[in-house]
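Peer 1: Sequence and predicted structure are below.
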Amino acid sequence: MGRNISEMPGIQPELRTYLNSMEDALNGDVVMDISPAAVGSGTTVESRTVTVTIQNAAGETLEWVNSAFTTTVSKTDVTDGDGSSTIDSTTLTLVKGVGSVVVTYADTWAADDTQTVTIGNIVLAGVTVTGGTSVDTIV
């Protein structure tokens, strides 16, 4: 029968923290934080950055997560005019648990137009981590 890491003598505190973090994530204590969840840019917005952080329920970043997840990033534009946007990649690349998506705006945006970045679910060590969205409602 396995032993809890916290019961094993001789493990350095930093390694113990790292191993506990991995064990907790494997047991489902892992969430995706997308920031900002909502923002209100002006009509002259040129770009924005959406930050994705993999963390535990306590809000601690899981710095051991270094991976690329393909085709998990998408965007949707809802405009009255000809506003459009592009994202820098459809791959979510995480380094030390953090990644970002850069959105570049083009053409004409009007008040109440929306630009949405969607990060799909990812599977991390067999655990599904639920994705989410970042919505920019133009003001």
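Peer 2: Perfect, thanks for sending it.
Peer 1: all contacts plus neighbour counts: C-alpha atoms, from now on.
Peer 2: OK.
Peer 1: Please enumerate the helices of this protein.
Peer 2: Along the chain, counting by DSSP state H, helices occupy 13-26.
Peer 1: which regions of it lie under the pLDDT threshold?
Peer 2: 1-7 (pLDDT under 70).
Peer 1: Point to the residue nearest the middle of it.
Peer 2: residue 52 (2.2 Å; C-alpha atoms, centre = their mean).
Peer 1: dump the residue contacts of residue 127.
Peer 2: When contacts are counted by C-alpha atoms under 8 Å, 6 or more residues apart in numbering, residue 127 touches 25-28.
Peer 1: Select only the buried ones of those in PyMOL?
Peer 2: In PyMOL, a selection of the buried entries from these looks like this (16 or more other C-alpha atoms under 10 Å):
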select buried, resi 25+28
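Peer 1: hang on, the earlier thing: how about the residue nearest to the centre of the chain: which residues does it bridge to?
Peer 2: Residue 52 has the following beta-bridge partners by DSSP bridges: residue 34, residue 99.
Peer 1: For residue 78, see how far away it is.
Peer 2: Here residue 52 is placed at a distance of 23 Å from residue 78 (C-alpha to C-alpha, to the nearest Å).
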